[in-house]
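Trainee: sequence below, structure please.
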Amino acid sequence: MTAEVLENIGLTKDLIEKILLQSQIDSELIKDELCKQYERQISSLKLEFLIERALTAAGAKNLKAVRALISVDMDNGNDENTSDEETMISIEKQIEELVSNDDTSFLFGNRDFKFIGLRPAEKSETKPDIDAMSYSEFVSLKG
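Mentor: Residues are numbered from 1 along each chain as shown. Predicted structure coming up:
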């Protein structure tokens, strides 16, 4: 709202100044609240990413299932009193407990991933001569 609009309504200058001042105060309060909400959302996303990365590193088979077993207070997870490092240490301790616990160890798989079969990046030393093969030799090569 502008002063001209308020003057056209017929308000006094003193009243117009009070309205505009209150409008500025309200807009600053709204701006501050939106900034706080934004910061909370960013810290929440950051924390979720850290948890997901730790679970992946631990070899979790199903991130959603294991994530449900990790307890982190989202409101106080990244306060001024708690650093990201302290939060991660807490999360890693919980993950270690889940991995070592007999009831939840099945949720984690082997961390050593091994490729079985064809490895596209590797080159073969010999190239089979497909034109000279019989049909049964060709089928046994592919399958």
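
Trainee: make it CA atoms for all contacts and neighbour counts henceforth
Mentor: Will do.

Trainee: just checking, what packs against the top helix by length along the chain?
Mentor: If you go by DSSP state H, the chain has its longest helix at helix 13-58. Contact analysis of helix 13-58 by 3 or more Cα pairs under 8 Å, 6 or more residues apart in numbering; DSSP states H and E lists helix 3-9, helix 63-67, helix 84-100 as its packing neighbours.

Trainee: want to throw the ones you listed into TSV with distance to Leu47 and mean pLDDT?
Mentor: Putting these into TSV (distance: least, Cα to Cα, whole Å; pLDDT from 0 to 100) gives the following:
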stretch	distance to Leu47	mean pLDDT
helix 3-9	46	81
helix 63-67	12	90
helix 84-100	8	87
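
Trainee: contacts only, for Asn62.
Mentor: Residues in contact with Asn62, defined by Cα atoms under 8 Å, 6 or more residues apart in numbering, are Leu107.

Trainee: roughly how far apart are it and Met133?
Mentor: 45 Å (Cα to Cα, to the nearest Å).

Trainee: quick revisit: Asp129 is nearest to which of the helices and strands packed on helix 13-58?
Mentor: helix 63-67 (46.1 Å; Cα to Cα).

Trainee: buried ones in that closest one, by neighbour count?
Mentor: 63, 66-67 (16 or more other Cα atoms under 10 Å).

Trainee: could you list the low-pLDDT ranges of this protein?
Mentor: 1, 73-82, 110-125, 142-143 (pLDDT under 70).

Trainee: same thing but 50
Mentor: 76-78 (pLDDT under 50).

Trainee: dump the helices and strands packed on helix 13-58 into a markdown table; add distance to Phe108 as well.
Mentor: Shown next, in a markdown table, are those (distance: least, Cα to Cα, whole Å):
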| stretch | distance to Phe108 |
| --- | --- |
| helix 3-9 | 66 |
| helix 63-67 | 9 |
| helix 84-100 | 7 |
